[in-house]
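In: Could you look at this predicted model? Sequence included:
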Amino acid sequence: LQEKQPIKQMTTSIDLSFLYSEEAKKRTSSPIKTTMKYFQDPDMIFLGAGMPPAELFPVQSLTFETHNIKNLKGETSDVPLVGTIPRDPEENSVDVPIARALQYGNSRGQVELLNYLKEHTLKFHNVLYDDWDIITTTGSTNAWDSTLRIFCNKGDTILLEEYTYSSSYEAAMAQGINCVPVKMDTDGIIVQDLDNLLDNWSVLYPNLPKPKLLYTIPTGQNPTGISLADSRKPLIYNAIQKHNMLLIEDEPYYFLQMPKYNINGENPLEVFPTRQSFLDKLCGSFLSLDTDGRVIRMESVSKTFAPGCRLGWIIGPKYVLDTYWNLHEVSIQSTCGFSQAIISGILNRWGQDGYVDWLIKMRLEYTQKRNWCLDNLFKYLPKRKDIIRIAQPPMAGMFFTLYIDISKHPRFKSGEIKTTSEFEQYLYQVFVNNGLLLALGSWFKVADPTASASSTEQLGNLVMFRGTYASITPTKMENGMKILGETISKEFGL
């Protein structure tokens with residue numbers, strides 16, 4: 001796999017620390033943690049920190065088995081890859097030794113893992129400034145919460161896609177931050193709406209401070225399943241740059257990209273003759289456009305390994321990540337030592353090429369799951385786009401969205417159900433009673449803080465439901481789509 005070569009190189013990122021919150025401005029590094037650089041020095045008699053002795057850690061070694069990918073078709077060998085992580089450092093070892101992994105310190109992340117992730121980053125992105133760095137997190141939820149604390153005071157304003165990950169929205173609202181939605185279409189954020197919003201902010205939102213950042217999930221967006229068109233990314237970055245903001249690029253689904261779904265024909269699985277051919281099919285990133293150091297990219301192993309690992313990382317300017325480090329030292333301390341040791345051990349044994357092979361397998365598996373879902377959706381859904389339609393066949397991630405027009409429903413026509421909110425709850429319960437669970441669109445909707453309650457209804461007469469194809473067997477998926485189609489037909493008298 002060839003590395004992407006930088007198009008342009010800057011010396012350093014620009015200073016955006018004026019955007020820091022009052023909390024971040026007050027916080028300094030932990031004095032006791034400054035002694036950690038001496039802990040590994042064998043000539044230092046280290047009496048400076050209260051650290052339990054490694055010989056009393058009950059776990060003395062870790063042995064794991066993992067898939068051994070044997071080709072670019074995602075096929076695995078019958079013989080698993082086995083690795084053992086020792087307690088103490090060993091010469092020429094790629095492992096994070098247990099004695100260090102389970103000890104205090106290393107709040108930025110274990111060096112073996114960080115070195116791997118930096119090389120991984122450069123293979124997939126053109127980082128355009130020199131002083132970039134990586135810090136580990138306990139996943140993107142933690143990374144986002146830390147980001148809000150570092151950059152936002154109560155009463156500050158941020159922009160989010162009009163439908164977004166509910167936990168991200170709730171985290172901001174709980175901190176008293178004004179959340180303003182940006183409109184989307186089937187290609188993601190509408191650039192003209194973003195430009196109009198920012199250029200006319202004082203007229204549109206005279207009582208709100210101008211936003212500090214835009215939060216976006218560009219690839220396989222949660223909940224819509226939409227992927228932001230590459231052609232829009234430079235325009236969005238230019239708008240953020242013009243208004244001196246940050247852009248938070250949350251990319252948990254980046255490696256779950258897929259080819260376009262053909263509604264009226266065959267959908268064979270892709271063939272990748274080389275690893276480079278896989279890399280060439282991936283969409284671009286905001287990180288690769290960032291000349292200023294104003295993009296904070298959040299990544300995670302929750303979709304490529306497992307969510308229970310609680311391991312992710314942030315990519316950004318080193319001085320900014322130093323501020324995250326200061327916060328981590330008094331909050332999460334560090335990412336779980338077990339997770340770092342095991343995942344670092346797997347990745348370093350796979351190597352960069354081996355991880356790409358695993359990502360190819362992930363792409364093929366998710367493509368197949370997406371195809372099963374949509375094949376059955378179009379098979380069983382009533383052919384009435386005026387009543388129900390899919391927003392856009394997803395090309396990444398694990399979600400699809402449905403829009404249902406309540407104006408065609410008998411209970412709406414009779415006046416028994418008057419609002420989209422009432423209908424959404426009604427239909428949700430009907431689905432549940434029939435053995436099918438879909439997520440409500442209202443759970444993900446960002447309410448405009450200046451709008452009246454009557455204007456926060458969903459899209460006119462449309463209600464949105466989100467479904468997932470990630471962890472459902474083909475048989476259950478077909479049964480679910482059959483229930484969906486039968487329920488809609490019965491409810492609308494088709």
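Out: Done, it's in.
In: pLDDT on the helix or strand containing residue 150, on average?
Out: Element membership of residue 150, judged by DSSP states H and E, is helix 140-151. In this model, helix 140-151 carries a mean pLDDT of 97.
In: Against which helices or strands is it packed?
Out: Applying 3 or more CB pairs under 8 Å, 6 or more residues apart in numbering; DSSP states H and E, we find helix 140-151 packed against helix 22-26, helix 166-174, strand 213-216, strand 246-250, strand 295-300, strand 312-317, helix 318-329. (Glycine included, C-beta is placed from N, CA and C.)
In: For residue 367, find the nearest of these.
Out: Proximity to residue 367 (CB to CB) singles out strand 295-300 among the helices and strands packed on helix 140-151, at 20.6 Å.
In: Reformat the helices and strands packed on helix 140-151 as CSV; add mean pLDDT, mean neighbour count and distance to residue 37.
Out: CSV is the format used below for these (pLDDT from 0 to 100; neighbours: other CB atoms under 10 Å; distance: least, CB to CB, whole Å):
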stretch, mean pLDDT, mean neighbour count, distance to residue 37
helix 22-26, 96, 13, 23
helix 166-174, 97, 17, 33
strand 213-216, 98, 25, 32
strand 246-250, 98, 26, 30
strand 295-300, 98, 26, 26
strand 312-317, 98, 25, 21
helix 318-329, 95, 20, 13
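In: Make TSV from those and add distance to residue 12 to it.
Out: Formatted as TSV, those follow (distance: least, CB to CB, whole Å):
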stretch	distance to residue 12
helix 22-26	20
helix 166-174	30
strand 213-216	21
strand 246-250	17
strand 295-300	15
strand 312-317	8
helix 318-329	9
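In: Quick one: closest of the ones you listed to residue 49.
Out: Closest approach to residue 49 among the helices and strands packed on helix 140-151 (CB to CB): helix 318-329, 12.3 Å.
In: just checking, next helix/strand downstream of the helix or strand harbouring residue 338?
Out: Here residue 338, judged by DSSP H and E, is contained in helix 337-380. Once the chain leaves helix 337-380, the next helix or strand it forms, by DSSP H and E, is strand 388-390.
In: Please name the strands paired to that next one in the sheet, noting orientation.
Out: Its sheet considered, strand 388-390 pairs with strand 399-405 (antiparallel) by DSSP bridges.
In: Contacts for the partner strand next, please.
Out: Strand 399-405 has contacts (CB atoms under 8 Å, 6 or more residues apart in numbering) with 220-225, 370, 373-374, 377, 386-394, 427, 438, 441, 459, 461-469, 488.
In: ok and that strand relative to helix 337-380, angle-wise?
Out: Going by axes from the mean of the first three to the mean of the last three CA atoms, to 10 degrees, strand 399-405 is angled at 40 degrees with respect to helix 337-380.
In: Beyond strand 399-405, next helix or strand please.
Out: Toward the C-terminus, strand 399-405 is succeeded by helix 410-413 as the next helix or strand (DSSP H and E).
In: quick check: mean pLDDT across that following helix?
Out: Helix 410-413 carries an average pLDDT of 91.
In: Name the residues of that helix that are buried.
Out: residue 412 (16 or more other CB atoms under 10 Å).
In: for that helix, packing partners?
Out: Helices and strands touching helix 410-413, by 3+ CB pairs under 8 Å, 6+ apart, are helix 420-433.
In: Which residues belonging to the helix it packs on are considered buried?
Out: Neighbour counts using 16+ other CB under 10 Å place 420, 423-424, 426-428, 431 of helix 420-433 among the buried residues.
In: nearest residue to residue 332 other than its sequence neighbours?
Out: Distances taken as CB to CB, 6 or more residues apart in numbering put residue 138 closest to residue 332, at 5.5 Å, once the chain neighbours are dropped.
In: Does that neighbour touch residue 311 like I think?
Out: Yes - if you go by CB atoms under 8 Å, residue 138 and residue 311 touch, sitting 7.0 Å apart.
In: Which residues does stretch 237-248 contact?
Out: In contact with stretch 237-248 (CB under 8 Å, 6+ apart) are residues 16, 19, 144, 147, 151, 191, 194-195, 198, 210-216, 236, 286, 289-290, 292, 294-296, 298.
In: which among the residues you listed end up buried?
Out: Using 16+ other CB under 10 Å as the burial test, those include 16, 19, 144, 147, 151, 191, 194-195, 198, 211-216, 236, 286, 289-290, 292, 294-296, 298 as buried.
In: mind listing the helices in the stretch 1-150 of the chain by residue range?
Out: All helices of the stretch 1-150 of the chain, identified by DSSP state H, counting those that start in this stretch, fall at 22-26, 98-101, 111-124, 140-151.
In: angle of the last one against strand 246-250?
Out: To tie it back to what came earlier, the one meant is helix 140-151. Orientation check (the same axes, to 10 degrees): helix 140-151 against strand 246-250 gives 170 degrees.
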